[in-house]
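*Asks:* The sequence and its predicted three-dimensional model are supplied below.
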Amino acid sequence: MELNDKTIVITGASSGAGRAAAIEFARYGTNLVLAARNENALNEVKDECVELGADVLVVPTDTSSAQAMILLANAANDIFGSIDVWINNAGVLAAGDFDHTPMAVHEQVIKTNLLGYMNGAHAVLPFFKAQQHGVLINNISVGGFVPVPHGAGYTASKFGLRGFMQALKGELTPWPNIFVCDLFPAFLDTPGIQHAGNYTGKALKPAPPVYDPNRLAHAMVDVAKNPKANTYVGSVSLLLKAGHALFPALMTKITGMVIRRYLNGAEPIALTDGNVFTTVNYGMSSHGGFGLPGKPKVHRKYIVGAMLAGLAAGFLLSRRSS
């Protein structure tokens, strides 16, 4: 599919990967519909995209509301006449011991990360079916395969999201020109972790290596042009998926140990809801400033080596215990 004059809806477009995707799609002369809760940030993104040649509609939207997502889809179709690509991207994170994190927070994480994507699919599919084509892109993350201890609500939402989209793909097989494309990036250098609800009492940082969100934006453009059911962004994503598939119990224990060790040495901070319930007015850029210095390929051999060593150790331990 050529992207010129096509209508692209992007949720979570005010910062991080969504903002990077909006700017990347704007380069193709698209009609962009940008959705998020932070209207001021959306208008900043709009200005950047207009300069690159896109027509842009800003629709402040809370994706956890099914009615709001229907209004978003209607607005996109009313203004531009169709919806060609819908990108489910908005997401939130809450970190902390499960029983120390309020259940209202876990519930809202699931409302945004899981029900928000379901709301998006539910709102756009009638338009896709009426026009006999469309591409639904979902930014799921490697968290759809690998559990995150001290982020149980987040993990529940991502595992559920992967299952929902697999079911939806099967349901849509009679519609050969409607595509559901799931993206599984590894850790991204976005402000998302700065926005997180944090009940650990410690400053949070993403686990290295962290990838440039522009890499995910390019992947979104690629699957919009040439739809693909599953795309893994970053070699670490595939390694983590493989490691957990081969040694699930061991990988889960190691992940928990690594996170607890980090938290023990991290700087103390006040507890916060972050952006779980409402938008925030800080860290609204595409990047979070967590990138490793130097060229990515310099680190890749060490990352791959460490992962392979861990998998080999897990294999040996499993053999000894059997």
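*Replies:* Received the coordinates, thanks.

*Asks:* Nearest residue to residue 133 in space, please, no chain neighbours.
*Replies:* The spatial neighbour of residue 133 that comes closest, neighbours along the chain excluded (CB to CB, 6 or more residues apart in numbering), is residue 177 at 4.1 Å. To be clear about C-beta, it is placed using only N, CA and C from the backbone, and glycine gets the same treatment.

*Asks:* ok now stretch 152-172, how far from the chain's centre?
*Replies:* Its chain's C-alpha centre and that of stretch 152-172 lie 13 Å apart, by CA atoms, centre = their mean, to the nearest Å.

*Asks:* which residues are in contact with that stretch?
*Replies:* Surrounding stretch 152-172, the residues in contact under the criterion CB atoms under 8 Å, 6 or more residues apart in numbering are 93-95, 98, 101, 105-107, 109-110, 112-114, 117-118, 121, 138, 140-141, 143-145, 147-148, 178, 180, 182, 229.

*Asks:* Could you give the bridge partners of the residue nearest in space to the middle of the chain?
*Replies:* Nearest to the geometric centre of the chain sits residue 139, at 3.9 Å (CA atoms, centre = their mean). Under DSSP bridges, the beta-bridge partners of residue 139 are residue 183.

*Asks:* just checking, it touches residue 116?
*Replies:* No - judged on CB atoms under 8 Å, residue 139 makes no contact with residue 116 at a distance of 11.3 Å.

*Asks:* pLDDT score for the residue nearest to the centre of the chain?
*Replies:* pLDDT, residue 139: 98.

*Asks:* give the contact list for it.
*Replies:* So residue 139 contacts 12, 17, 87-89, 91, 183, 185, 216, 220 (CB under 8 Å, 6+ apart).

*Asks:* let's go with 7 Å and repeat that
*Replies:* Neighbouring residues of residue 139 by CB atoms under 7 Å, 6 or more residues apart in numbering: 17, 88-89, 183, 216.

*Asks:* What sits closest to residue 70 if chain neighbours are left out?
*Replies:* residue 123 (4.8 Å).

*Asks:* swap in residue 66?
*Replies:* residue 119 (4.6 Å).

*Asks:* Surely that neighbour touches residue 63?
*Replies:* Yes - counting by CB atoms under 7 Å, residue 119 does reach residue 63; the two are 6.1 Å apart.
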